[in-house]
Structure formats: C-alpha cells, structure tokens
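J.: Need coordinates for the below:
(one chain, ligands or ions: 2)
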Amino acid sequence: MEIIYISKSYEDTQNLAYNIGLKINEPMVFLLSGDLGSGKTTFTQGLAKGLEITKTISSPTFTIMKNYKGRMILNHIDAYRLESHHQDLGFDELIGSTGVTVIEWPDYLEELFPEEYLRIDIKSISKNRRKLIFNPIGLKYEKLIEDLI
Ligand SMILES: Nc1ncnc2c1ncn2[C@@H]1O[C@H](COP(=O)(O)OP(=O)(O)OP(=O)(O)O)[C@@H](O)[C@H]1O
Ligand SMILES: [Mg+2]
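T.: Ligands and ions are numbered 1, 2, ... in the order given. Next comes the predicted model:
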C-alpha cells in the first residue's frame, strides 16, 4: 500500500502530521526519509503537537536522540551522523518498545527496524511543495492514515 500526499506549505505538512498525532494511542514507529531540508523535522513537530507535547522539537542531529513527554513519550532520533556506530546506543530496546519513535535518516538503522512501521519519504517538488509518500507496514499503520489523506 502506498499513499501520496502533496503538501503545499510548511503549515500543510504540520497540520497533516498533527492530525496523525491526534490519532496515536499506542506505541508506534515512524521512519522519515528525504533530503536535507525536505521537512522531516517539520513533520515531527506536527506529530508532537498531536501528542500534546508543548516543548519545541528541534533537530537532534548533534545529540542523535531526544525524548519528549506528552500524552505519550516521543523518542526523536536523527541518524544522519550515526553511520554504523549504533550498537552501543540502546536503540535495539528502544525501537518499538514504549512511546512513539520517529527516526530521521533511518537507513543506517535498518537491521533494527521492527516488523511493522510507517515509512514516509518526503521529496521536494519546489520551494514550498513536498511530495509525501506513505508506506504503512502493518494494519495499525494502514488504519492510522486511511481517513486522513
Ligand atoms: N510543504 C512543506 N513542508 C515542509 N517544510 C517545508 C514545506 N515548504 C517549505 N518548507 C521548509 O522546508 C524546511 C524543512 O526543514 P526541516 O528541518 O523540517 O527538514 P529536515 O528534512 O528535517 O532536514 P534535515 O535533513 O536537515 O534534518 C523548512 O525551512 C520549512 O519551512
Ligand atoms: Mg531534521
């Protein structure tokens, strides 16, 4: 299953993610891929609002992972600088365990992916337009996005 959404603005991407965040009420894993500046963190910020997280979500590039408390815990991982040095970071236990885990640049962590997840690839079309390609793996992820897009 693949669903495509064309976002026309920053706010459009945030609103879409917010509406997805509102519906989350169990642990979930989101894999966000796309070029630098495509909107992965922007999407995460919207999702966080839907989880009633009030702190500002900033890019965790230099810290690899940040955790936020809301209705549920959000684990925000940016694996951009990680390459293959993740063995000792405890991600194995983290991914898919508690809370909602969002991973930017997930390709380095492929062997840690759970069986089910929602993958979102973001492609820049123009300055303010983005193509979001949703690939839900597993029924709960299909359900999560089915009415929204
Ligand atoms: N439709 C859109 N959706 C999302 N962001 C958009 C859109 N149009 C323009 N933008 C701009 O694109 C930028 C996206 O930045 P963001 O930090 O979310 O990207 P990123 O994919 O997380 O980058 P990085 O790989 O560096 O972490 C922001 O400056 C935002 O304002
Ligand atoms: Mg980012």
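
J.: Give the other helices and strands that the biggest helix by length in the chain contacts.
T.: For the chain, the longest helix by residue count, based on DSSP state H, is helix 10-23. Secondary-structure packing of helix 10-23 (3 or more C-beta pairs under 8 Å, 6 or more residues apart in numbering; DSSP states H and E): strand 3-7, helix 40-50, strand 130-137, helix 139-146. For the C-beta atoms, the positions are set from N, CA and C on the backbone; glycine is no exception.

J.: switch the cut-off to 10 Å
T.: Based on contacts counted as 3 or more C-beta pairs under 10 Å, 6 or more residues apart in numbering; DSSP states H and E, the elements that helix 10-23 packs against are strand 3-7, strand 28-34, helix 40-50, strand 117-124, strand 130-137, helix 139-146.

J.: Name the nearest residue to the closest residue to ligand 2 within the chain, ignoring sequence neighbours.
T.: For the chain and ligand 2, the shortest gap (C-beta to the ion) falls at Thr41, measuring 3.3 Å. Using C-beta to C-beta, 6 or more residues apart in numbering and skipping the chain neighbours, the partner closest in space to Thr41 is Ser59 (5.0 Å).

J.: Could you verify my assumption that the one you found touches Tyr80?
T.: Yes - using C-beta atoms under 10 Å, Ser59 is in contact with Tyr80, at 9.0 Å.
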